[in-house]
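Engineer: model the following, please.
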Amino acid sequence: MSQEPDRLFAQPLPEVPDFVFNEDVVRVFPDMIKRSVPGYPTIVENIGVLAGQFAQPHTTLYDLGASLGAVTQALRRHVRVDGCKVIAVDNSSAMVARCSEYLHAQDAMFQELLPVEVIEADILALDLQPTSLVTLNFTLQFIPPERRLELLTRIRQALLPSGALILSEKLRFEDAAEHELLTELHVAFKRANGYSELEIAQKRSAIEKVMLPDSLEQHRERLLAAGFSKVLPWFQCLNFASLVALP
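Structural biologist: Residues are numbered from 1 along each chain as shown. Coordinates of the predicted model:
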């Protein structure tokens, strides 16, 4: 399945619109995320590995904010537990359509994969079934800050004993100097992956009002407030991290 290089912000725009997950973004998303998020392939593949340790027989696994289904594919590759099903949810119709295509292609290449259902829905309004595993892979940062605790609380209430939430996010840092340094290192990462100064600046303008990162301390405090008992960071590369939260 063909994938286009990300050139969305390569030309000067008279006015940079807010970032949305539309058809234009969907076409270049695999290239965009790989060149923008340090450690992304490692995070995705190892979410599948971690999920294999928490998934319980005959339960539902959720990929909330599934985008093109990279995490869902990893779950299907790595979870070998009887009777599990993956539900992949995204609120972008363009993402859902392409995600379904990718998962159909995965079915053609592999046998005995977990069944999957792809749903177009707002995860804030989703009725969660009892679940042994939930993933939020760079999703919470796009949820309005005042509704993040509500979502995490509902996830915690749906989690079965010995289940887990795997949460990956871009971080901000409480220390101003630390935040500035990690931000500059992230810009260097994007330059090294072929983005121009114009592309970096215009993408920042497009996304800064839409994606609102939290600090690691905020994530930990909110997860504990939602009812989780333990929060374990398992991965960090520059200002991107992934956590396991246990009920």
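Engineer: please count neighbours and contacts with C-alpha atoms only from this point.
Structural biologist: OK.
Engineer: which SSE is Gln106 in?
Structural biologist: helix 93-109 (DSSP states H and E).
Engineer: tell me the buried residues in the next helix or strand after that helix?
Structural biologist: Next in sequence after helix 93-109, counting helices and strands by DSSP H and E, comes strand 116-120. For strand 116-120, a neighbour-count test (16 or more other Cα atoms under 10 Å) marks Val116, Val118, Ile119, Glu120 as buried.
Engineer: kindly report the same for stretch 16-34.
Structural biologist: Phe19, Val25, Val26, Arg27, Val28, Phe29, Pro30, Met32.
Engineer: tell me the pLDDT of the nearest residue to the third one once chain neighbours are set aside.
Structural biologist: Nearest residue to Val26 in three dimensions, chain neighbours excluded: Met95, at 6.1 Å (Cα to Cα, 6 or more residues apart in numbering). Per-residue confidence for Met95 comes out at a pLDDT of 97.
Engineer: also the one 5 residues further on?
Structural biologist: According to the model's per-residue confidence, Ser100 sits at a pLDDT of 97.
Engineer: the nearest residue to it once chain neighbours are set aside pairs with what?
Structural biologist: Excluding the flanking residues, the one nearest Ser100 by Cα to Cα, 6+ apart is Val118, at 6.7 Å. Bridge pairing for Val118 (DSSP bridges) gives the partners Ala88.
Engineer: taking the buried residues of stretch 16-34 together, which two end up most distant?
Structural biologist: Using Cα to Cα, the buried residues of stretch 16-34 reach their maximum pairwise distance at Phe19 and Pro30, which is 16.0 Å.
Engineer: show me the helices in the chain, by range?
Structural biologist: Counting by DSSP state H, one finds helices in the chain at the ranges 23-36, 40-54, 70-78, 93-109, 148-158, 176-192, 197-207, 216-225.
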